[in-house]
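A.B. asks: what follows is a predicted protein model with its sequence.
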Amino acid sequence: MEKLDRRTFLGTGAGLAAASAFTIVPRHVLGGAGFAAPSDKLNIAGIGVGGMGAHNLKAMSGENITALCDVDHLYAAKTFAEYPQARLYKDYRELLDKEKDVDAVLIATPDHTHAVITLAALRAGKHVYCQKPLTHTVFEARKVAEEAAKSGLRTQMGIQGHSSDDMRKLCEWVWSGAIGPVRKVAAWSSICYYPWGHAYWSSQLGVRPTETPPLPEGMDWDLWIGPAPMRPYHPTYHPLIWRSWHDFGCSMMGDRGVHTLDVIFWALKLGAPETIEASCTDLNDETHPVAGLVRFTFPARGDMPPVELMWYDGLMPPGYPGIENSRLLGENEGGILMEGDDGFLTAGIYANSPMLLPQDKFKGTPPAPESIPRVKGSHEQEWINAVKEDRPACAGFDYAGPLTEMCLLGNVAKRTPGVKLHWDAASMTFKDNEKATKFVHKAYREGWTL
């Protein structure tokens, strides 16, 4: 694939409960560390609660929110006020050391700190709900999934679409053969971070700001930086805009991509790709590209044929002859299109509103027989139920780890554009590219480790 200029890109556009009718048996009698009877309320701690974590906590508020941690107490003040009984922290390590009665932890910090906090929580015997993407690097995703499997704790990644009926309906259509064997898939996010986080504080993409404004009141910048290389505080990093920077975020592929590619990964039973190849705009060492194309190829899986997946990052895919409905293709900020031998299947960013195409051919087609259990309640409640029922959650790290690996391999390819990379999943190396292999993991600042 040739390197494309910005004009070309932007133009394409997750037991036992009672000893009698009157007595609830304490959790420590019924099970080991981290076990909760279904009739008990979990003690939940939130780490990173000023942004998306606040929304996750609301969905968990039927439980006991006993402790909250955020490095920026001013930014998290509104969330703190919602749970006045919760003890407050800035350092997650102090929380995990002192809060022995915590059963489970929500983690919604910036991407670059997900792995260190998640591993610390698992090693402390806590069930974990971690926002997407699960980690910042491919190596971290593998490590976190392995640690979760070893721990036996209940985990969930924050990809809420995975609990939806629509995603199950789409998978069941694919597995029933509604559109025949799928050989090609397109997925996209037409929104991007430009100029937000790229040129917002600078006249040039990928240039760090030189100003050194004072820290916000109540902010611990050293803890925010965590394992990343130290740099001065600036509002172009916190809050929110950190996603654009290589040291902190995973770009649109780690943001919307994990959501959108989820149903493809599940429905097509994907694993590690064989090859990844990318083209992108505005390549630099500081920020993720404004836009890009990533092509993944996957081998045959059981009775499913090899498949090519195209990810349009900050772009819309081209038009498809015979696809007469533009509701998702032309008017939605993200979605998918599966191309089968016998038709097409399209859906929105969270696999919402799946549709068989062409409409004339599939008009009146009923849903496929249900083969996947439906989730009652929110994605967060599904995890809480999994903890109480001592069963796997629907998007546990056994699933979320490999999904995250796939997405982050796309980011690696965007840092080495124009080269077809051959991935060796067992060794976590690229067979033919030492430079790309270096992006599979990262160095940690002194004092920080997995």
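C.D. replies: Great, that's in hand. Residues are numbered from 1 along each chain as shown.
A.B. asks: give the buried residues for whichever helix in the chain runs longest.
C.D. replies: Assignment by DSSP state H gives helix 397-415 as the longest helix of the chain. Buried positions in helix 397-415, judged by neighbour count with 16 or more other CB atoms under 10 Å: 397, 399-415. Backbone N, C-alpha and C define where each C-beta goes, glycine included.
A.B. asks: burial check on residue 51, number of neighbours?
C.D. replies: 18 (other CB atoms under 10 Å).
A.B. asks: residue 241 too?
C.D. replies: Around residue 241 there are 19 residues (other CB under 10 Å).
A.B. asks: I'd assumed residue 236 was in contact with residue 209.
C.D. replies: Yes. With contact defined as CB atoms under 8 Å, residue 209 reaches residue 236; the gap is 5.4 Å.
A.B. asks: and those two? Which one has more around it.
C.D. replies: Shown here are residue 209 and residue 236; by other CB under 10 Å, residue 236 has more neighbours (20 against 15).
A.B. asks: and the gap between residue 241 and residue 234?
C.D. replies: 9 Å (CB to CB, to the nearest Å).
A.B. asks: apologies, that question was intended for residue 248.
C.D. replies: On the measure of CB to CB, residue 248 and residue 234 end up 12 Å apart.
A.B. asks: okay, the two: which has more neighbours?
C.D. replies: For residue 248 versus residue 234, neighbours defined as other CB under 10 Å are more numerous around residue 248 (22 against 16).
A.B. asks: sec struct for that one, please.
C.D. replies: Classification of residue 248 using DSSP: H, G, I helix; E, B strand; the rest coil returns coil.
A.B. asks: so what's it up against?
C.D. replies: Residues near residue 248 by CB atoms under 8 Å, 6 or more residues apart in numbering: 110-112, 136, 228, 237, 242.
A.B. asks: in JSON lines: those, plus neighbour count.
C.D. replies: Formatted as JSON lines, the contacts of residue 248 follow (neighbours: other CB atoms under 10 Å):
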{"residue": "110", "neighbour count": "26"}
{"residue": "111", "neighbour count": "25"}
{"residue": "112", "neighbour count": "25"}
{"residue": "136", "neighbour count": "28"}
{"residue": "228", "neighbour count": "22"}
{"residue": "237", "neighbour count": "26"}
{"residue": "242", "neighbour count": "19"}
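A.B. asks: and the residues you listed, which two are the farthest apart?
C.D. replies: Within those, 136 and 237 form the most distant pair, 14.5 Å apart (CB to CB).
A.B. asks: show me the shaky parts of the stretch 1-150 of the chain.
C.D. replies: Applying pLDDT under 70 to the stretch 1-150 of the chain picks out residues 1-39.
A.B. asks: mind listing the helices for it?
C.D. replies: Counting by DSSP state H, counting those that start in this stretch, the stretch 1-150 of the chain has helices at residues 6-11, 27-30, 52-59, 77-82, 92-98, 114-123, 138-151.
A.B. asks: what is the last one packed up against?
C.D. replies: Other helices and strands packing on helix 138-151, by 3 or more CB pairs under 8 Å, 6 or more residues apart in numbering; DSSP states H and E, are helix 114-123, helix 397-415.
A.B. asks: list the helices and strands the shortest one packs on?
C.D. replies: Think helix 114-123. Packed next to helix 114-123, using 3+ CB pairs under 8 Å, 6+ apart, are helix 92-98, strand 104-107, strand 127-131, helix 138-151.
A.B. asks: which residues does that helix contact?
C.D. replies: With CB under 8 Å, 6+ apart as the test, helix 114-123 has contacts from 47, 92-93, 96, 105, 107, 109, 128, 130-131, 133-137, 140-141, 143-144, 147-148, 151, 153, 155, 226-227, 444, 448-450.
A.B. asks: state the distance from residue 422 to residue 437.
C.D. replies: For residue 422, the distance to residue 437 - CB to CB - is 11 Å.
A.B. asks: residue 258 too?
C.D. replies: 22 Å.
A.B. asks: domains of the chain?
C.D. replies: Listed domain ranges for the chain are 14-161+380-396, 163-193+249-360+405-438 (source: automatic domain parsing).
A.B. asks: ok, residue 435 touching residue 416?
C.D. replies: Yes. With contact defined as CB under 8 Å, residue 435 and residue 416 form a contacting pair (5.9 Å).
A.B. asks: now the strands for the stretch 151-300 of the chain?
C.D. replies: 155-158, 182-189, 275-280, 292-298 (DSSP state E, counting those that start in this stretch).
A.B. asks: likewise the stretch 301-450 of the chain?
C.D. replies: Listed in chain order, the strands of the stretch 301-450 of the chain (DSSP E, counting those that start in this stretch) span 307-313, 334-340, 343-348, 355-357, 421-424, 429-430.
A.B. asks: what is the rounded mean pLDDT of the fourth one?
C.D. replies: Averaged over strand 355-357, pLDDT sits at 91.
A.B. asks: please renumber so the chain begins at 42
C.D. replies: Okay, residue one is now 42; in that scheme the one you just asked about reads as strand 396-398.
A.B. asks: that one: partners in the sheet, and parallel or antiparallel?
C.D. replies: When pairs are called by DSSP bridges, strand 396-398 turns out to pair with strand 384-389 (antiparallel).
A.B. asks: buried stuff in the partner strand?
C.D. replies: Buried-residue list, strand 384-389, by 16+ other CB under 10 Å: 384-389.
A.B. asks: perfect, that will be all.
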